[in-house]
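K.L.:
predicted structure and sequence below. I'll ask about it afterward.
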Amino acid sequence: MIGLIIFFSATQLGLHFWPLSSLVYGIRIDYLSPTIYFLDCLIVLFLVIKSSDLIRWSARSDSIGVFAPLLLTNLLYSANPLATLSWSFHFVIYFLFIKALCGQRAVLERNSWLQAKKGSSADERTVLTGTISSTLTLSLLFQAVLATIQVCLGHSLGGLLYYLGERNIAVGSPNIALGTFMDHVVLRAYGTFSHPNILAGYGVVALLIIIQLSKQRAVRGSDLKGSAQPRIIKRGEGQTLWVLMATILASLLVLLTQSRSAAIALFGIILPFYLLKTLRIRFIYYFVGLLVCWFIYPSSLSPARSDLSAIQRIDLQHLSLTVIKSYPIFGTGASASISTYPAVPQAKPRGIVGLQPDHNSFTLFLSWFGIFGVIAILQLIPCTSSAIAREKCLQTLCSLGGLLPLLLLDHYLLTSPQGLFILLLYFTVAVNYSHVQKNRQQHPRPARR
């Protein structure tokens, strides 16, 4: 069931509701529409099955004591309670699902530590990690095939794919994201997402998750080498295949979507710093990459397409700063900032383009939760308790570097359910990787004699 949930996290099958609170200037805003997705039903069913274990794991979690009052306060002061309640509901069930995964992995870790000679518990842990990696890779493969067909045909496929989230799109449709390829106007791939940027961002974050899981496997494999389970080391070597496949698929998705922020994250940060090992290889990579961009795809640096211009993004940024000044302490409520646009003392946005969230996730978060929310989140960062905690915090922050272009240049990792799910999953994997490294330093496994 875990694999099924992760696979359907890239789809949008759901039931939308359109109360009056979802209207701004009489226009329906999808970010304000409360929605129940098929993914939500799967997760709720999973949580019901794991309810007894989840209660035990959550009782030992410090993050529950931070998120619960934060979300309740945010809902109390929200400018659009229904939109905030919908966003909070999705955040809570996604968080609990990932919490259940963490708890399950913690049990397997403890059992493998106590029963290392038997090897059965470690095999279960390997299966869980492999399930996440293989399912994400399968999801990327499905999206890559669908995206390729969409770009080649110039329109959506329709049929059953409509119910998974594929939009009715075509090159000549209004307000559709278009790109250029060899001086020809082409459709930017949507997959089963609401915008090409979200599809590209999902692929990039999924690749980061697979890379981090591969690193965790490598750490455990080196600990077990020559001591307990040679079979696990062999399986860990197979994780390289998932990384290679995910890298190819994510690169294809970024090219088909022509997402600038995802391209910066993937080709500018992830490939050279997460996968290439030496400085010399990185230098050659950057040199060849610049030559390719300059001579082969010069139009890719500034493609003519129907997308937000730099001026429109700056206008949305200024509007968001005005919202922050108007709601500095508790914010507007999660997903409710658009509802405040008619009331803020600034020139009103023109058309549907102006009725979007701020494309900087950091200032968007501040507008949603205010100073109170930022202070609450900072309580989760253990930067001052001990040297080990500070090292763990630094490792976690470094592992999040690949997300910076996505967070600085767009909002979908907070506003889109698919983006929110994959973001929380990656945060958890990144934090768990630093935890694995810390345990390895504190409790190295003795070599088998």
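P.N.:
Structure's in. What do you need? Numbering: from 1, shown residues only.

K.L.:
neighbours of the closest residue to Arg282 other than its chain neighbours, how many?
P.N.:
Closest residue in space to Arg282, ignoring its immediate chain neighbours: Pro272 at 4.6 Å, by CB to CB, 6 or more residues apart in numbering. Backbone N, C-alpha and C define where each C-beta goes, glycine included. By other CB atoms under 10 Å, 17 other residues sit near Pro272.

K.L.:
from Ile281, how far out is Pro272?
P.N.:
8 Å (CB to CB, to the nearest Å).

K.L.:
quick check: the residue nearest to Arg282 touching Tyr286?
P.N.:
Yes: between Pro272 and Tyr286 there is a contact under CB atoms under 8 Å: 6.8 Å.

K.L.:
now do the helices in the stretch 301-449 of the chain.
P.N.:
Remark: helices assigned in the stretch 301-449 of the chain by DSSP state H, counting those that start in this stretch are 310-326, 361-378, 387-399, 404-409, 412-415, 417-442.

K.L.:
for the first one, output the C-alpha coordinates as CSV.
P.N.:
Extracted as CSV, the C-alpha positions of helix 310-326 are listed here (Å, rounded to 0.1, in the frame of the first residue of the first chain):
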residue,chain,number,x,y,z
ALA,A,310,9.8,38.8,-14.7
ILE,A,311,7.8,42.0,-14.2
GLN,A,312,4.7,40.0,-13.2
ARG,A,313,6.7,38.0,-10.7
ILE,A,314,8.1,41.2,-9.2
ASP,A,315,4.6,42.6,-9.0
LEU,A,316,3.4,39.5,-7.1
GLN,A,317,6.5,39.8,-4.8
HIS,A,318,5.6,43.4,-4.0
LEU,A,319,2.0,42.4,-3.4
SER,A,320,3.1,39.6,-1.1
LEU,A,321,5.3,42.0,0.9
THR,A,322,2.3,44.3,1.3
VAL,A,323,0.3,41.4,2.6
ILE,A,324,3.1,40.6,5.1
LYS,A,325,3.0,44.2,6.3
SER,A,326,-0.8,44.0,6.8
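
K.L.:
chain center to it, what's the gap?
P.N.:
Here helix 310-326 is found 24 Å from its chain centre; the criterion is CA atoms, centre = their mean, to the nearest Å.

K.L.:
tell me the mean pLDDT for that helix?
P.N.:
The average pLDDT within helix 310-326 is 88.

K.L.:
so the residue nearest to Arg282 sits in a helix?
P.N.:
Yes: under DSSP: H, G, I helix; E, B strand; the rest coil, Pro272 falls within a helix.

K.L.:
got phi/psi on Gly191?
P.N.:
Backbone torsions of Gly191, given as degrees, to the nearest 10, read phi 60, psi -140.

K.L.:
what pLDDT does it get?
P.N.:
93.

K.L.:
got it, and Thr428?
P.N.:
Note on Thr428: pLDDT of 83.

K.L.:
hey, where'd the helices end up in the stretch 101-250 of the chain?
P.N.:
Remark: helices assigned in the stretch 101-250 of the chain by DSSP H, counting those that start in this stretch are 120-153, 161-164, 196-224, 230-257.

K.L.:
does anything pack onto the longest one? Which helices or strands?
P.N.:
Using 3 or more CB pairs under 8 Å, 6 or more residues apart in numbering; DSSP states H and E, the elements in contact with helix 120-153 are helix 2-8, helix 81-114, strand 184-187, helix 196-224, helix 230-257.

K.L.:
relative to helix 196-224, how tilted is that helix?
P.N.:
Between helix 120-153 and helix 196-224, the angle comes out at 150 degrees (axes from the mean of the first three to the mean of the last three CA atoms, to 10 degrees).

K.L.:
any low-confidence regions in the stretch 1-150 of the chain?
P.N.:
54-62, 103-127 (pLDDT under 70).

K.L.:
can you tell me how far the nearest residue to Leu138 once chain neighbours are set aside is from Tyr285?
P.N.:
What sits nearest to Leu138 in space, not counting adjacent residues and going by CB to CB, 6+ apart, is Phe7, at 6.5 Å. Using CB to CB, Phe7 is found at 32 Å from Tyr285.

K.L.:
do the same with Lys50
P.N.:
From Lys50 across to Tyr285, the span is 43 Å (CB to CB).

K.L.:
who's more crowded, the two?
P.N.:
Comparing Lys50 with Tyr285 by other CB under 10 Å, the one with more neighbours is Lys50, at 19 against 15.

K.L.:
I'd assumed Ile98 was in contact with that one.
P.N.:
No: applying CB under 8 Å, one finds Lys50 not in contact with Ile98, separated by 11.9 Å.

K.L.:
joint contacts of those two?
P.N.:
By CB atoms under 8 Å, 6 or more residues apart in numbering, Lys50 and Ile98 have no common neighbours.

K.L.:
ok, how many other residues are close to Cys152?
P.N.:
Residues near Cys152, counting by other CB under 10 Å, number 12.

K.L.:
contact partners for it?
P.N.:
With CB under 8 Å, 6+ apart, Cys152 has no contacts at all.
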